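S.K.: What follows is a protein structure lacking sequence information:
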């Protein structure tokens, strides 16, 4: 019988008289003969050809050729005996307990010279041994065929599962109860979010830089002496800019992330690839990319940091790649002039001459001839062409091209940030410090490469950049005819640097490349940067998410909240989202930054991203990714928020939720949705496809809930017949099931009937529904005109619509100089009512077309500006009149002081949120600039109409407005003191927008996704903000949005991610919606005054004094006029703009 190769029968004890084997805690009864035999056979098996090893012989590693002490295989004696026979064998301890010693695989590795072994007896536990494994690593000079190499690596991977790396096991002192220390057991994987927020802050070292010009650039940054930069950098910005230059000019050589460093039991380190089984004593080193991701948190000056880097390295030239050949300069036929030789030497040594000549020019010394000579001299090198070219007449194909080195920076920006980049350049740099070329959609052709190379910065929009890719490998159908293949001038330069602002948009998780990424791969860059505060959903600063939380006044408590949030999200929670984020990051790392070994071509030491960095293995199991932190550290430049706050403390952020009592009409609208839900639930018996919450009705239910959320501001989507139908069904069900219906369902249906009948019997609600208006309650309106202007029955006070109120104002303003401005007012009311009915009919037809198939639900009509034509006609006149008033000091006629129209006042609105906003804006707009975020076009329209009525000076940033015009509006809001309010679609509050001019933010409807809310808030709370920022989210108490906001505060990150697309994806919110009841009406809501939300301070309707009649410069006047004159180009569905928005008088 062999002790090391027991048969199955030998391992199986006798049924009647066998005794149990090893239990891991006590040694088995053995005889000295058996132990001697076992040790001898173990030594012979483990070391068949090496008499140098003996028990208890210490291992000494003295030189690099000495085998590596890998670890120990714990071995114990397994004994099986009965009265007739004694059987024993050697088994492995640890995670493979009771498994036979892997003698076959050990023998195979010994015979191939991969490992050596030594056996040490455990002196404390008889029958226990340590089999030491010593490995001859792959970089010790061994040579073997690839097939044998792969086989041995596979055997080593298997053996490593048995190896204990502890020192006590190596010395033979292991206890059976002690934990097994394996190389394969890793700590639990930290989430991308946690890794991103715990990356070390940059710590640049100028003394490491070999290049004298780069070292000088870093010193200039730290000494605040960057030529042309007129803004002082904060310390953290200096460190970030210096680190960017250091990574560009002195990239580190980092170990292969596939082979992390391990420490053996004797303290010797080695590098092991767990996937391939490769074990090395020395690491494989790769050069880190010359660039990376600038990921400072939102609002902390990433643009300024980039400008500092560009100015500090102005005139620095790109390098000829190591594997390319420089095109030699043509030999001179005659002796060159001294100037020509100087120019040649400057170009050869790549001296940054631009800064020197700029400084000389500032001091009055101009050397135009020298500059022209330097501009016309350059280096070139040959670059292989990857795409075949059409043969010329000689039948030859061009296989290479010449590429010119230059000192130009290419900055690719989203269209909405183009104007902001121009503004930042003008703000932070001296005049003439940078030569900038701007290329947008209006640029039809890209200039020649020589012209491009003459600029310091080429600023191009992403949309225009996409157009430069005209190949057909993306199946775009753009393949040109032979000989006509387009070659973009952008590909004829090796750019010094490319910067992708919000570069995450260039990546795609799809298998097909984006046009932008394909174009980037055709171009040549020396340095590559992505600028984004949130490279992905998971790579987001913890402080950004906390911006959406209500303010904590205690500073220490706020800091604890930050750390608590960070620790809660230390472990990965939403694995599928993290996997998608990693895949998007892969596109940036492999295709743009070209990080080795991930970007290597297959067959050239290519590293599989999915095999090493995916959070799941090929069987879908969760695993640890040890190299992810090192990878992020090698590419990301980012400070922790604690380090930033040492240098910069933004003004306080006060974020609070304002709970408002819903008005009568708010309750009426919200209860109608409850009527629809309750009637459906009871009549369908909450089952089958008739039930609204059946999975097949999900689309209809999502639309209904979306409309319900909008109704907290105002709602006109229900018509009279839409309400009468569920009321009729409820009554019918009550009659037919009077004996069987439960008491709860009876009460619900009766409440539904009451809510529906209350709405259809209310003249105000009928008028809102028919004319698509939001109500304005006016006191002391002229009695002779009240009947023609009233919504519903004329009364005192009078109920108008906002569009009607604006029309009344315009009529009075036009006739203010007449003897009696009220003359003709009744007729104007009839015309306004007729226009409102026509507008409503158009909206109803549009809404009917969007009806969900098979559903009675109708999307809310898209409100159009009925006064658009009139306003468009007066826009140019308005601008001209402003300029005329500036020159002539003339004013339009105003109402006589004794006119009774001056007593007409707005006392409230049908929407509680609108009344609150009007009060707050009236109070704060003289001293503050304000952003109002809305979530639907109709809400934006009603807000704009109300602001027009109140003569607020505002601009709109909405998706229906052309991008160029939006950018100019944003610039005007930030710079012009006459513009006090920015009305902004929450969906347009994208990354990068700078609106620090505003310090009060109102969010009309609460936002379900905290990240979107945080993005909106950070538009104002960012570097450049000098005032405390006040954020208010408006919530109607006791409504669905109240429950929604409370639920959001309770939800974990996992729950938020799962339900980010719809409230219904959260089980708790689903239940809340199912159980939603009816809002109760109070006793004081009988008359019209009790049915509206009253203003704290009534506002004049006629003869208003403009709050924006302030002294501003003539340049501001021209800017405002030129922008407003272009307003007629707006799309019909966009929010209205009027000539009265900006009024500037001398």
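M.R.: Alright, I've got the coordinates. What you see is a predicted model, and the numbers here were worked out from it, not measured in a lab.
S.K.: shaky segments in the stretch 551-700 of the chain?
M.R.: 551-562, 566, 571-576, 602-604, 616-624 (pLDDT under 70).
S.K.: In it, mark out all the strands, start to finish.
M.R.: 636-637, 653-660 (DSSP state E, counting those that start in this stretch).
S.K.: mind putting the ones you listed in CSV, distance to residue 360 included?
M.R.: Heads up, the C-betas are built off the backbone N, CA and C, glycines and all. Shown next, in CSV, are those (distance: least, Cβ to Cβ, whole Å):
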stretch, distance to residue 360
strand 636-637, 34
strand 653-660, 47
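S.K.: Which among those strands is found nearest to residue 536?
M.R.: Closest approach to residue 536 among the strands of the stretch 551-700 of the chain is made by strand 636-637 (11.7 Å; Cβ to Cβ).
S.K.: List the contacts of the closest one.
M.R.: Around strand 636-637, the neighbours that count as contacts under Cβ atoms under 8 Å, 6 or more residues apart in numbering are 196, 199, 202, 240, 243-244, 247, 292-296, 535.
S.K.: Checking residue 110 next. Helix, strand or coil?
M.R.: helix (DSSP: H, G, I helix; E, B strand; the rest coil).
S.K.: what's around it, how many residues?
M.R.: Residue 110 has 18 neighbours, counted by other Cβ atoms under 10 Å.
S.K.: same check, this time on residue 374
M.R.: Neighbours of residue 374 (other Cβ under 10 Å): 20.
S.K.: which stretch of helix or strand covers it?
M.R.: helix 368-375 (DSSP states H and E).
S.K.: quick one on the thing from earlier: ranking the strands of the stretch 551-700 of the chain by burial, who's on top?
M.R.: strand 636-637 (a mean of 22; mean count of other Cβ atoms under 10 Å).
S.K.: So which of the contacts of strand 636-637 sits lowest on pLDDT?
M.R.: The lowest pLDDT within the contacts of strand 636-637 belongs to residue 535, with 82.
S.K.: Was I right to think that residue contacts residue 588?
M.R.: Yes. With contact defined as Cβ atoms under 8 Å, residue 535 reaches residue 588; the gap is 7.3 Å.
S.K.: which residues of the stretch 201-350 of the chain fall in helices?
M.R.: 212-222, 235-249, 302-312, 338-348 (DSSP state H, counting those that start in this stretch).
S.K.: can you tell me the average pLDDT over the first one?
M.R.: In other words, helix 212-222. So the average pLDDT for helix 212-222 ends up being 94.
S.K.: For it, which outside residues touch it?
M.R.: With Cβ under 8 Å, 6+ apart, helix 212-222 has contacts from 204, 206-207, 209, 226-227, 233, 238, 241-242, 245-246, 248-250, 308, 312-313, 316, 350-352.
S.K.: For stretch 485-493, the averaged confidence score.
M.R.: The model assigns stretch 485-493 a mean pLDDT of 87.
S.K.: Give the buried residues for that stretch.
M.R.: 488, 490-493 (16 or more other Cβ atoms under 10 Å).
S.K.: Stretch 1001-1020 too?
M.R.: Here stretch 1001-1020 shows 1001-1008, 1010-1020 as buried, counting by 16+ other Cβ under 10 Å.
S.K.: how long is it end to end?
M.R.: 8 Å (Cα to Cα, to the nearest Å).
S.K.: that older thread, residues that sit against both of residue 535 and residue 588, list them.
M.R.: 293, 503-504.
S.K.: ok, how many other residues are close to residue 596?
M.R.: Residue 596 has 21 nearby residues by other Cβ under 10 Å.
S.K.: which residues touch it?
M.R.: Contacts of residue 596 (Cβ under 8 Å, 6+ apart): 286-287.
S.K.: where's it relative to residue 589, distance?
M.R.: 10 Å (Cβ to Cβ, to the nearest Å).
S.K.: Can you classify residue 460 as helix, strand or coil?
M.R.: Applying three-state DSSP: residue 460 is strand.
S.K.: picking up where we left off before, buried ones among the contacts of helix 212-222?
M.R.: Buried among these (16+ other Cβ under 10 Å): 204, 206, 209, 226-227, 233, 238, 241-242, 245-246, 248-250, 308, 312-313, 316, 350-352.
S.K.: Show the contacting residues for the residue nearest to residue 758 when sequence neighbours are not counted.
M.R.: Distances taken as Cβ to Cβ, 6 or more residues apart in numbering put residue 668 closest to residue 758, at 6.6 Å, once the chain neighbours are dropped. Applying Cβ under 8 Å, 6+ apart to residue 668 gives the contacts 755, 758-759, 762, 765.
S.K.: I'd like the distance between residue 522 and residue 485.
M.R.: Distance from residue 522 to residue 485, by Cβ to Cβ: 12 Å.
S.K.: meant to ask about residue 893, not that
M.R.: For residue 893, the distance to residue 485 - Cβ to Cβ - is 67 Å.
S.K.: Over to residue 377?
M.R.: From residue 377 to residue 485 the distance is 30 Å (Cβ to Cβ).
S.K.: State the three-state secondary structure for the nearest residue to residue 161 once chain neighbours are set aside.
M.R.: Closest residue to residue 161 apart from its sequence neighbours, by Cβ to Cβ, 6+ apart: residue 184 at 6.4 Å. Following three-state DSSP, residue 184 is assigned to coil.
S.K.: Phi and psi next, for residue 184.
M.R.: Backbone torsions for residue 184, taken as degrees, to the nearest 10, come to phi -90, psi -10.
S.K.: how about low-confidence regions in the stretch 751-900 of the chain?
M.R.: For the stretch 751-900 of the chain, the ranges with pLDDT under 70 are 847-892.
S.K.: so where do the strands sit in it?
M.R.: Using DSSP E, counting those that start in this stretch, strands in the stretch 751-900 of the chain cover 775-779, 798-801.
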